[in-house]
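>>> Structure for the following, please:
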Amino acid sequence: MDRSSVSWRGYIPASPTPFTAGGAAVDEEALAALMEHYVAAGVHGVMLNGTAGEWWTQSDAERRRVAEIGIAAVAGRVPVIVGCSSFTAAGVVALAHHAQTAGADGVMFTPPPYAHPSQQEILNHYRLADAEIGLPILAYNWPRGTGVEIDVETAAAVADLDHVVALKCSTANTDVVLDYIEKLSDRVRVFAALISPRGLAVLSGLGGDGYIDGGGIGAPFAVPYFEALWAGDLDTARGHGRRWADLTGAWVTPDFGGRFGSPAGQLKAAMRMLGHPGGDVRQPQLPVTDPAKLSGLEAVLRSAGLLV
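The predicted structure follows:
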């Protein structure tokens with residue numbers, strides 16, 4: 001497999017997992033409704049059980065159920081990629097096998113979190129999993145969550161594995177992002193934070209395929225951004241990219257943290273303000289309840305034109 005094995009591109013929201021009050025259980029009805037919301041918004045795919053999905057708070061049984069509900073609700077209308085990150089390759093493989101049975105279009109996973117693996121250990125993790133997985137794989141460089149950066153040389157070796165078709169590069173190091181695109185996008189699809197006038201210059205001049213972003217709040221800007229780019233209307237794309245950059249800069253830090261709370265906490269607070277089916281967060285993350293922070297978040301949404 002390689003980049004031509006899949007059609008993945010454009011704006012793919014990493015779906016949060018809605019939980020019932022206090023994080024007691026997965027809110028299955030809200031999750032199905034969220035998938036309908038995404039499809040109606042025109043997104044180009046959906047990611048389940050990624051970082052925004054709070055996968056680390058769920059049991060394996062819950063993660064499997066989230067995959068089943070999400071895939072069934074999307075019903076083939078856009079590609080669905082299921083996050084299978086785990087502390088071991090065996091854990092990744094078990095979740096990936098279930099995702100394939102459930103009808104996923106692909107799987108995504110990071111290097112093992114908490115372990116701070118070496119570059120050799122990162123490559124071995126992907127090699128072991130790749131050998132047992134039949135679906136297309138999206139490898140995920142996520143230094144904020146794993147504590148390690150997948151070096152470009154290691155990413156190149158990962159890209160050569162049989163089932164790896166894409167890389168998600170979520171790093172604050174823009175040089176790494178550009179190196180991924182310049183050196184690897186001929187073999188695999190590269191997703192990174194490319195929705196902005198600067199990102200448009202990269203996409204139209206150097207390459208890259210899209211952005212997988214937590215939550216989908218910015219879909220009204222991100223979807224038409226990529227569609228204008230594909231149509232060759234760079235002026236329209238630039239305008240949407242500027243609005244996206246203004247929104248994300250106001251509530252997300254350069255290293256993908258939250259300005260008003262934990263990423264999941266502020267995301268679900270924003271979704272609640274917008275009437276999106278986001279549900280509650282789950283411990284250890286806490287809901288955003290501080291009136292000043294909620295007021296600031298509301299002001300950001302109003303300034304972006306998302307909340308009237």
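>>> I'd like to know how many residues surround the residue lying closest to residue 185 once chain neighbours are set aside.
In this structure, residue 185 finds its nearest non-sequential neighbour in residue 207, 4.1 Å apart by Cβ to Cβ, 6 or more residues apart in numbering. (Glycine included, C-beta is placed from N, CA and C.) Here the number of neighbours of residue 207 (other Cβ atoms under 10 Å) works out to 18.
>>> For residue 207, which three-state class applies?
For residue 207, the assignment made with DSSP: H, G, I helix; E, B strand; the rest coil gives coil.
>>> what's the pLDDT at it?
pLDDT recorded at residue 207 is 97.
>>> check contacts around it.
When contacts are counted by Cβ atoms under 8 Å, 6 or more residues apart in numbering, residue 207 touches 181-182, 185-186, 190.
>>> Can you tell me which of those is nearest residue 49?
residue 190 (21.3 Å; Cβ to Cβ).
>>> what are the phi and psi values for residue 137?
The phi/psi pair for residue 137 (degrees, to the nearest 10) reads phi -110, psi 140.
>>> Same check on residue 217?
As for residue 217, its main-chain torsions (degrees, to the nearest 10) stand at phi -60, psi -40.
>>> pretty sure it contacts residue 270?
Yes. With contact defined as Cβ atoms under 8 Å, residue 217 reaches residue 270; the gap is 5.6 Å.
>>> Show me which of the two is the more surrounded one.
Legend: neighbour count by other Cβ under 10 Å for residue 217 and residue 270, higher for residue 217 (26 against 23).
>>> low-scoring stretches of the stretch 101-250 of the chain, by residue?
Applying pLDDT under 70 to the stretch 101-250 of the chain flags no residue at all.
>>> ranges for the strands of it?
Using DSSP state E, counting those that start in this stretch, the strands of the stretch 101-250 of the chain run over residues 106-109, 137-141, 164-169, 189-191, 210-214.
>>> Let me know the angle separating the longest one from strand 210-214.
Between the axis of strand 164-169 and that of strand 210-214 there is an angle of 60 degrees, by axes from the mean of the first three to the mean of the last three Cα atoms, to 10 degrees.
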